[in-house]
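Enquirer: sequence below, structure please.
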Amino acid sequence: MGLKANVVTKKFDTIIDDLGNKRFDVVISAVTINPDRQKKADFIPYFNAGESLLVQAGNPKNIKSVSDLCGQSVGVQTGTVEQTDLQTASDACKKAGKPAIKLTVLQDQTAVVQLLANGRVVATYQDSPVTDYYNKQHPGQFAVGGSVVNAAEEGIVVRKGDTSMFTAVKLTSLEDSYPPFVDIHKGGCLRRLRIFYLYLFRGSPLLVQVLLLRFFCCMPLLSDDCFGVATQHREAEPQDRLPGHSQCQLCSMVSHWTPMLLRGSRCYSWSRPRRSGRQSRRN
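Expert: Alright, predicted model coming up:
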């Protein structure tokens with residue numbers, strides 16, 4: 001995006017509200033996408049992760065899932081989906097006639113893991129990549145309890161209605177990966193057009209989709225191996241860059257149908273390929 005990042009550290013449980021209050025512009029903090037959060041902000045998916053338990057090495061309590069935590073002390077970060085899931089599991093314990101889960105909720109994830117290191121809890125519950133991170137950072141001290149559950153998409157968060165930032169982040173993410181962001185410079189014409197369609201065009205009116213596709217067909221990002229014409233040849237023949245002159249089969253098809261969609265509008269004269277010389281009039 002060509003911008004200098006200013007990293008701001010905030011409490012996770014209020015991070016989306018702070019975004020809405022314009023205290024920063026974007027949130028990248030392994031935020032799981034769910035309906036409640038989507039009501040407050042817009043998301044660009046970039047990663048898929050689940051939830052998992054971090055336990056003491058050797059798993060002495062034989063903890064394999066949250067259902068094994070009834071009556072046990074567990075650490076979790078505030079404002080996370082894991083906190084909600086643990087509360088739900090605790091309610092299930094009580095309904096089954098078992099003691100509730102004893103939750104210790106802290107704002108900082110490292111402090112949560114420190115509870116486990118000090119033996120104050122038997123497990124911590126967090127996103128699976130976070131579990132793997134702390135497990136690798138402390139070899140021989142921790143272990144993963146059970147398997148990964150509740151896999152869901154995580155996303156970059158932007159303010160609700162901030163379309164300019166949303167589009168800029170989405171375009172930047174396309175250039176890097178998805179998920180994790182793929183290299184759109186590989187895979188040929190159809191792969192590139194498919195990525196552009198899925199993350200830019202989908203949901204737009206048909207006419208808007210066609211016009212955007214015609215525009216992107218003229219971009220070097222697509223034309224390097226999409227048009228089937230060497231770059232130096234296109235430089236020698238500027239008309240090949242105009243809408244309707246590409247050699248890409250899909251782009252040519254779009255160019256053929258666009259005038260029909262635009263017929264009768266002011267844009268129609270712009271959309272037609274230019275013709276040289278005087279046209280003869282039929283009698």
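Enquirer: can I get the longest strand along the chain in PDB? Just the C-alpha atoms.
Expert: Criterion DSSP state E: the longest strand present in the chain is strand 142-159. This file holds the C-alpha atoms of strand 142-159, laid out as PDB (Å, rounded to 0.1, in the frame of the first residue of the first chain):
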ATOM      1  CA  PHE A 142       4.000 -27.700  27.300                       C
ATOM      2  CA  ALA A 143       2.000 -30.000  25.100                       C
ATOM      3  CA  VAL A 144      -1.200 -29.800  23.000                       C
ATOM      4  CA  GLY A 145      -4.200 -31.300  24.700                       C
ATOM      5  CA  GLY A 146      -6.400 -33.100  22.200                       C
ATOM      6  CA  SER A 147      -7.100 -32.000  18.700                       C
ATOM      7  CA  VAL A 148      -8.000 -28.700  17.000                       C
ATOM      8  CA  VAL A 149     -11.700 -27.900  17.000                       C
ATOM      9  CA  ASN A 150     -14.100 -25.200  15.800                       C
ATOM     10  CA  ALA A 151     -12.000 -24.200  12.700                       C
ATOM     11  CA  ALA A 152     -13.100 -20.800  11.400                       C
ATOM     12  CA  GLU A 153     -11.800 -18.000   9.300                       C
ATOM     13  CA  GLU A 154      -9.900 -15.100  10.800                       C
ATOM     14  CA  GLY A 155      -9.700 -11.800   9.100                       C
ATOM     15  CA  ILE A 156      -8.100  -8.300   8.800                       C
ATOM     16  CA  VAL A 157     -10.700  -5.900  10.300                       C
ATOM     17  CA  VAL A 158     -11.500  -2.500   8.900                       C
ATOM     18  CA  ARG A 159     -14.100   0.100  10.100                       C
END
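Enquirer: which secondary structure elements does that strand contact?
Expert: helix 15-20, strand 26-32, strand 41-56, helix 81-95, helix 128-137, helix 163-176 (3 or more Cβ pairs under 8 Å, 6 or more residues apart in numbering; DSSP states H and E). The way it works is simple: take the backbone N, C-alpha and C, and place the C-beta from them, glycine included.
Enquirer: among these, show me which one is buried the most.
Expert: strand 41-56 (a mean of 21; mean count of other Cβ atoms under 10 Å).
Enquirer: and after that strand, which helix or strand comes next?
Expert: Next helix or strand after strand 41-56 toward the C-terminus (DSSP states H and E): strand 73-77.
Enquirer: all set, thanks.
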